[in-house]
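Participant: From the sequence below, what's the structure:
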Amino acid sequence: MLLTETSDGNRRGRHRSAPALRLRDRAVRLVEAATTPLMPADYLDLFAPLRSGAELRGRIVSVEPETADAATIVIKPGADWAGHVPGQYTRVGIDVDGVRHWRAYSLTHGPRPDGHISITVKAVADGVVSSHLVREARPGTLVHLEQAAGEFVLPTDGGKLLMVTAGSGVTPVVGMLRNLFPVTDSGVVRLPRSEAYDITVVHVAPSEPDSIFLRDLQALDAAGMIRLVPRYDDVHGVLDVEELETIVPDLAARRTLACGPSALLDALEAHHAARGLGLTIEQFRVSRVEAGEGGTVTFTRTGVEVEGDGATPILDAAEEAGVLMPSGCRMGICMGCVLPMKEGSVRDLRNGAITTAVPGETDPAGVKIQTCISAAAGACTLDH
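Facilitator: Residues are numbered from 1 along each chain as shown. Down below sits the predicted model:
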């Protein structure tokens, strides 16, 4: 009952009707539902998601096409972004169809005056995230970030270097070169910090139109900052690493930095090891051994069963079946996808190694496996 005051100063009661009370109750429930269990930080996230102290995020500023299937994504990082060294990578998290995916991408710039960072993404046929970023991402989109990491960086003492890149493997190298040789209105500039470097770049691509950052590399070559040796599969055939000593006559005097597909990096490792040459590599997609016997993967906490074919990573197969899985780099580095296997066997898709959990013989808590690079090698049970 409401108390109202009459013109003569007396108070008297006025009863609300039942419909009015029901309307009030519904309004109260609606407000409660809209604010519970959110906390003040949740509201701040709506208005200031890039603020200091918040979960590290970034906002896409622009999407700039590089080739028919590659684009550079420029991102304004949150206030707590700690910066990076050219050549390092960051892990980017983005929601696609309601599932958050994380991928690692090289940063393609040194420190920028505007504070932005950039990654260059090549869409691959089975790439959920890469295809989304290249074809669907729009300015204003928020992404999740992790601080920059990685040891694939320029040696600080300068020297003679050979950079071997293939496909999107050029991205960390471009970040290094842009930092060494910035472009101004008057052209490419050689700074004091770049004078100690003598750099040859062997850049491999399927064809010239598919060559990411080719114009950047050509501009540096024309300015005399680097020596560029482009190699196109449709013109020169697939690069045979045995040709390097012909392509780069002073190969033995250079330290090699290489980034590209696993087959190229494996060949370079064997080639350089046989000759005692220094080699630093960066690899973002794991190489796979021949598929082995598959089996049923059972997740104990949900009861979900997934058929593993022996070639597909358990992480991918589980997500395809709708299982919410922990994940990270998806290449066997960050350990973000590790789960305990209680029973069964899996095969490491990088080298074919078998890991087995036997109840009563192995750790009762389970044997930890990386689901992003492990495939079922028979029936297995995961505690998840």
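Participant: Find the helix or strand that Ser131 is a member of.
Facilitator: helix 128-135 (DSSP states H and E).
Participant: elements contacting that helix?
Facilitator: Packing partners of helix 128-135 (3 or more Cβ pairs under 8 Å, 6 or more residues apart in numbering; DSSP states H and E): strand 70-77, strand 89-96, strand 99-106, strand 117-122. (Glycine included, C-beta is placed from N, CA and C.)
Participant: Out of these, which is closest to Ser130?
Facilitator: strand 117-122 (5.2 Å; Cβ to Cβ).
Participant: show me the contacts for Gly83.
Facilitator: Gly83 sits next to 111, 148 when contact means Cβ atoms under 8 Å, 6 or more residues apart in numbering.
Participant: Ignore what I typed, I meant Lys76.
Facilitator: With Cβ under 8 Å, 6+ apart, Lys76 has these contacts: 50, 58-59, 61, 115-116.
Participant: at 6 Å what do you get?
Facilitator: 59, 61, 116 (Cβ atoms under 6 Å, 6 or more residues apart in numbering).
Participant: I'd like the distance between the closest residue to it other than its chain neighbours and Ile94.
Facilitator: Here the nearest residue to Lys76 in space, its sequence neighbours aside, is Arg59; by Cβ to Cβ, 6 or more residues apart in numbering that works out to 4.9 Å. Here Arg59 is placed at a distance of 12 Å from Ile94 (Cβ to Cβ, to the nearest Å).
Participant: Does Arg215 lie in a helix or a strand, and which?
Facilitator: helix 214-222.
Participant: so which strand or helix has the residue nearest to Lys76?
Facilitator: strand 57-67.
Participant: Give me the angle between that strand and helix 128-135.
Facilitator: Relative orientation of strand 57-67 versus helix 128-135 (axes from the mean of the first three to the mean of the last three Cα atoms, to 10 degrees): 70 degrees.
Participant: more crowded one of Arg59 and Ile94?
Facilitator: Using other Cβ atoms under 10 Å, the more surrounded residue of Arg59 and Ile94 is Ile94, with 21 against 17.
Participant: In this structure that one contacts Leu142, no?
Facilitator: No: contact between Ile94 and Leu142 fails when scored by Cβ atoms under 6 Å: they sit 8.8 Å apart.
Participant: The strand holding Arg59 pairs with which strands?
Facilitator: When pairing is defined by DSSP bridges, strand 57-67 lines up against strand 70-77 (antiparallel), strand 142-145 (antiparallel).
Participant: Show me which residues of the shortest one are buried.
Facilitator: Spelled out, it's strand 142-145. 142-145 (16 or more other Cβ atoms under 10 Å).
Participant: and of those, the nearest to Ile369?
Facilitator: Distances from Ile369 to the buried residues of strand 142-145, taken as Cβ to Cβ, are shortest for His144 (24.9 Å).
Participant: Now do the closest one against Arg138, distance only.
Facilitator: From His144 over to Arg138 (counting by Cβ to Cβ), the distance is 16 Å.
Participant: and if you look at Glu343?
Facilitator: Glu343 is 46 Å from Arg138, by Cβ to Cβ.
Participant: Counting neighbours, go ahead and name the busier of the two.
Facilitator: With neighbours defined as other Cβ under 10 Å, Glu343 and Arg138 compare such that Glu343 has more, 20 against 8.
Participant: a strand runs through that one, doesn't it?
Facilitator: Yes: membership of Glu343 in a strand is supported by DSSP: H, G, I helix; E, B strand; the rest coil.
Participant: contacting residues for it?
Facilitator: So Glu343 contacts 357, 359, 381 (Cβ under 6 Å, 6+ apart).
Participant: How about the last one: which residues does it bridge to?
Facilitator: Read that as Thr381. Assessed by DSSP bridges, Thr381 has beta-bridge partners Thr298, Glu343.
Participant: What of Val201?
Facilitator: Counting by DSSP bridges, the residues bridging with Val201 are Met163, Leu228.
Participant: quick revisit: including distance to Gly159, could the strands paired with strand 57-67 go into CSV?
Facilitator: Listed next are the strands paired with strand 57-67 as CSV, based on distance: least, Cβ to Cβ, whole Å:
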stretch, distance to Gly159
strand 70-77, 29
strand 142-145, 32
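Participant: Tabulate those strands (JSON lines), appending distance to Val124 and mean pLDDT.
Facilitator: Below are those laid out as JSON lines (distance: least, Cβ to Cβ, whole Å; pLDDT from 0 to 100):
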{"stretch": "strand 70-77", "distance to Val124": "10", "mean pLDDT": "96"}
{"stretch": "strand 142-145", "distance to Val124": "19", "mean pLDDT": "94"}
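Participant: if we compare those, which one ends up closest to Gly158?
Facilitator: Going by Cβ to Cβ, the one of the strands paired with strand 57-67 nearest Gly158 is strand 70-77, 27.8 Å.
Participant: before we move on, back to that, nearest to Gly336 among the contacts of Lys76?
Facilitator: Using Cβ to Cβ, Arg59 is the member of the contacts of Lys76 that lies nearest Gly336, at 23.4 Å.
Participant: And the closest one, what's its pLDDT?
Facilitator: pLDDT, Arg59: 97.
Participant: I am finished for the moment; much appreciated.
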